[in-house]
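Undergrad: Build me a structure from this.
(chains A and B)
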Amino acid sequence: MSDLILDRVQAPLRRRRRITLPPVGASLALLFLAALLLAALFPELFTHVDPLAIVPRDAFQAPSWAHWLGTDQSGRDIFARTIHGARQSLLIGVAATALSMTIAISLGLLGGLGGARVDRAVGWLLEVLFAFPSLILALLFVAVFGSGVGTLIVATGLGGAPGYARMVRGQVLAVRNAGYIEAARALGHPTSRIVLRQLLPNAMRPLVVTMTMGVGQAIVWASALSFLGLGARPPAPEWGTMLSMGRDFIASAWWLTFFPGLFIVLTTLATTVTGRFIQQRLEGRQA
Amino acid sequence: MSSATELAIADPRRERLAALGRRAVIRLGGGLLVLWAVATLTFFALRLMPGDPVLAILGGPSGNPSPETIEATRIEFGLDKPLAVQYLLYLGRLLQGDLGVSYSQHLPVTRVLAEQGGATLELTIAALLLAWVLVLLLTVITAGRGRLIGGLASLAETLSAALPHFWLGVVLLAVFAFGLRWFPPAGSDSLASLVLPAFSLAIPLAGFIAQVTRESLELTLEQPFILTARSRGLSDLAVRFRHALRHALLPGVSLSGWAIGALISGAVVCEVIFSRKGIGRQLYQAVQAQDMPLVIGISLVVAAGYVLANILVDLLYQWIDPRQQEATP
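TA: Presented below is the predicted three-dimensional model:
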C-alpha cells in the first residue's frame, strides 16, 4: 500500500493525536484527594477551630490571617467549616456512587445474563428511569420522602443509577462471549464463580474510570440538592448547604459562597483528572 | 429486503426518508410506552408518600383542618375510592390533558405549565446554542495546533466541565450583577436578564461537549481528505470549518440528548438563583410545599419533553450519518 508515502507526505501536518494531561496534573489531583480524605477522617489535623462555634462579633470577616477564608454571618470560621464539610460531602459522594453502582450491577447482570426477555425488560426499565433528567428524578424522590442527608444519598444514587446500569449491561454483553468465559465454562466452573471471578472483574474494569469521575459528579449533584435547601440542614458544615446559606449575602460577602464552591470544583476536577489517569494506565496495560 | 435495495437504487433519498419515517414511528411508539410507565411510576410513588395526602392538600401539619373538611376534600379529590379506580381515573384525566389542580397555587397544573414553560424553553435553547458557539470557537480554532495550545484548551475544557451550575451562577451573579452591574440580578423579562443564566448553564455544558469534539476533530484533521483539501490551496480556516468540522461534529451531536437532560436539571438551579420564571423554579417550590400534583405534572411534562428530544436527536443523528441506518435495521 501507499501508506508509507502518505505517511511521509502527511508528516509535517500530523500532530500529536491525543493530548495527555501532564503527570503533574495527575499527581496534584491525587495529592488533593489524599488531603481531602485526611480532612474527612481527621479534620483536627488541619484546624482546631470548632466549625459550629458562633462568635457574633466576628461575623462577616473578610479572608485574613486569623480567618483564612473569612467568617460567615454568625462568625463561624469558613476554613474550619469547609474542612469539616469534607467528611459529609465525601461520604455523600461515595455512598451515592456505591448505591448507583449496586443498582447498576444488579440490573446490568440481570439484563446481560438473564436471557433475551429479561434483558428487554431491564432495557425498558432503564429507558423509563432515563426519561427523567437526574436532578428531576432526585427532586421527585425528595418530594416523596422528604429532605435530609439519607434521602439526599438515595436520591443522588438513584439519579445516577440508570447511566451506570446502561454501561454495565453493555460491558456484560461484551464480555459474556469472551474466550476466557467459554474456557471457564468448559472447565466446569459453576456459574456463580464465573460471574464473580471472571465476568465482573473484566466487565468492571472500564467502569473504574467512570466510577472515579462519578464520585465527583455525585458530590456536585448532592450539593445542588443541598444548595436548593433539600439536603443537609443549615448549621451542618456541608459544602452545598454552606453555599446555600451564603447566597443571601452574595452582594456583600462573596467569600461565604466562593470557597465552599471552590472546594466542590477542585474535588470534581481532581476526580476527573484521576479518572483519566487511571484510564490511561489501563489502556497502556492493555496495549 | 431485496425490493428495498432496488428502491434504494431507484431513489436513495426517498428510501432514506422512508427508513427515517419508519424509525420515527417505532421510536414514538416506544416513547409513548415509556411515558405510560413514567405516569404509572409517579402515581404509585405518590401513594408511597408517608402521611395523608389530604393533610398535604389542606396545608400540611400546620393546617389543622376539621374532620368534616378532611372528609369533603377526600371525596373532592377522589381519594376515597379504591386505588385501582384512582389509577384509572388518573390515567383517564391524563389522556384528556388534565394534570389536576396545584394544592399550593389553587390553579390547574396545565395553566401553571403554560404560563411558565416558555421561559424555561427560552433559557435552555439559549444555553444550548451558546454552548455550541463556545464549543465551535474553542475547538475549531485550537484543535491540532500543537501540544501547548491543545493542552491549555483542554485544561480550560476540563475546568469548565467541572464547574457546578449553582456555583458558577452565584459567582457570575456576584461579579456581573452586583459588582459590575452589567446585567440585572433577577427577573426574566428582558434579554439582558437571560445572559447570566444562559452562560452559567452553557459553560459547563460547553466543557463537556468540547472535550469530545476536540478529540474527534483532531482525528479528522489527520484524514487524507483534509490533506487533499489543503493541497487544493484552501485556507486553514476554510479547511477546518468547511471540511473537518462536518465530520467531527457527530460525537458531539450524539451527546446532545444527554445535554438536554443536563440543561433541564441545571435550569432548575439557575431559575432559582436568578429568580427567573420557569417550570424549574416551580418544581423547586412545589417540592418544598409538598404540592404533589404540581410536582408530578411538571415531572411528567419534563419527561415527555426529554423523551421527545431524545427521539429527535436520534433521528437527526441518523440523518447526518446514514451508516447508522445500516447498522440498526
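Undergrad: Which strand or helix spans B:Arg276?
TA: Using DSSP states H and E, B:Arg276 falls within no helix or strand.
Undergrad: mind listing what it touches?
TA: Shown in contact with B:Arg276 (C-beta atoms under 8 Å, 6 or more residues apart in numbering or on different chains): B:Ala119, B:Leu123, B:Ala186, B:Gly187, B:Ser188, B:Ser193, B:Pro197, B:Cys270. In short, each C-beta sits where N, CA and C put it, glycine included.
Undergrad: And it, how far from A:Phe32?
TA: Distance of B:Arg276 to A:Phe32, computed by C-beta to C-beta, to the nearest Å: 34 Å.
Undergrad: Over to B:Ile125?
TA: Distance of B:Ile125 to A:Phe32, given as C-beta to C-beta: 37 Å.
Undergrad: sorry, back to before: between the contacts of B:Arg276, which sits nearest chain A?
TA: For the contacts of B:Arg276, the residue nearest chain A by C-beta to the nearest C-beta is B:Cys270; the value is 10.7 Å.
Undergrad: I'd assumed B:Thr124 was in contact with the closest one.
TA: No. With contact defined as C-beta atoms under 8 Å, B:Cys270 does not count as touching B:Thr124 (9.6 Å).
Undergrad: Tell me the predicted confidence for the residue most central in space within chain A.
TA: Closest residue to the average C-alpha location of chain A: A:Val215 at 1.5 Å, with C-alpha atoms, centre = their mean. If you check A:Val215, the pLDDT there is 83.
Undergrad: which stretch of helix or strand covers B:Val171?
TA: Using DSSP H and E, B:Val171 maps to helix B:165-172.
Undergrad: Show me what that helix is packed against.
TA: helix A:200-227, helix A:239-246, helix A:255-286, helix B:192-220, helix B:250-273 (3 or more C-beta pairs under 8 Å, 6 or more residues apart in numbering or on different chains; DSSP states H and E).
Undergrad: Which one's more surrounded, B:Ile125 and A:Phe32?
TA: When B:Ile125 and A:Phe32 are compared for neighbours, A:Phe32 comes out ahead with 18 against 13, by other C-beta atoms under 10 Å in any protein chain shown.
Undergrad: which ones are touching the residue of the stretch 51-200 of chain A found nearest chain B?
TA: Closest residue of the stretch 51-200 of chain A to chain B, C-beta to the nearest C-beta: A:Leu135 (3.3 Å). For A:Leu135, the contact set (C-beta under 8 Å, 6+ apart) comprises A:Gly159, A:Trp221, A:Ala224, A:Leu225, B:Ile264, B:Ser265, B:Gly266, B:Val268, B:Val269.
Undergrad: Tell me the spacing between it and A:Ala184.
TA: Applying C-beta to C-beta, the value for A:Leu135 to A:Ala184 is 42 Å.
Undergrad: Then A:Gly159?
TA: In terms of C-beta to C-beta, A:Gly159 sits 36 Å off from A:Ala184.
Undergrad: before we move on, what about B:Val109?
TA: From B:Val109 to A:Ala184 the distance is 55 Å (C-beta to C-beta).
Undergrad: now do A:Leu36
TA: Distance, A:Leu36 to A:Ala184, using C-beta to C-beta: 40 Å.
Undergrad: Just want the phi and psi numbers for B:Arg232.
TA: B:Arg232 adopts backbone torsions of phi -80, psi 0, taken as degrees, to the nearest 10.
Undergrad: Which pLDDT value goes with it?
TA: For B:Arg232, the pLDDT comes out at 86.
Undergrad: Contacts for stretch B:174-188, please.
TA: A:250-251, A:254, A:257-258, B:119, B:173, B:190, B:192-196, B:274-278.
Undergrad: hang on, I meant stretch B:94-103
TA: By C-beta under 8 Å, 6+ apart, stretch B:94-103 touches B:39, B:56-57, B:93, B:107-110, B:112-113, B:286, B:289, B:291-294, B:296-297, B:300-301.
Undergrad: same check, this time on stretch A:193-212
TA: By C-beta under 8 Å, 6+ apart, the surrounding residues in contact with stretch A:193-212 are A:97, A:101, A:105, A:108-109, A:112-113, A:164, A:167-168, A:171-172, A:174-176, A:178, A:180-181, A:184-185, A:189, A:271, A:274-276, A:278-279, A:282.
Undergrad: what about it, average pLDDT?
TA: Averaging pLDDT along stretch A:193-212 yields 80.
Undergrad: mind listing what's buried in that stretch?
TA: A:194-195, A:198-200, A:202-204, A:206-207, A:209-212 (16 or more other C-beta atoms under 10 Å in any protein chain shown).
Undergrad: what do you get for stretch B:170-182?
TA: Those buried within stretch B:170-182 under the rule 16+ other C-beta under 10 Å are B:Val170, B:Val171, B:Leu172, B:Leu173, B:Ala174, B:Phe176, B:Ala177.
Undergrad: now do stretch A:51-64
TA: A:Pro51, A:Asp58, A:Gln61, A:Pro63.
Undergrad: now swap in stretch B:245-259 and tell me
TA: Going by neighbour count (16+ other C-beta under 10 Å), the buried part of stretch B:245-259 is B:245, B:247-250, B:252-259.
Undergrad: now swap in stretch A:74-83 and tell me
TA: A:Gly75, A:Arg76, A:Asp77, A:Ile78, A:Phe79, A:Ala80, A:Arg81, A:Thr82, A:Ile83.
Undergrad: Same check on stretch B:149-162?
TA: Within stretch B:149-162, the residues that count as buried by 16+ other C-beta under 10 Å are B:Gly150, B:Gly151, B:Ala153, B:Ser154, B:Leu155, B:Glu157, B:Thr158, B:Leu159, B:Ser160, B:Ala161, B:Ala162.
Undergrad: Spell out which residues of the stretch 1-150 of chain B are next to chain A.
TA: B:30, B:33-35, B:37-38, B:41-42, B:45-46, B:48-50, B:144-147, B:150 (C-beta under 8 Å from any C-beta of the partner chain).
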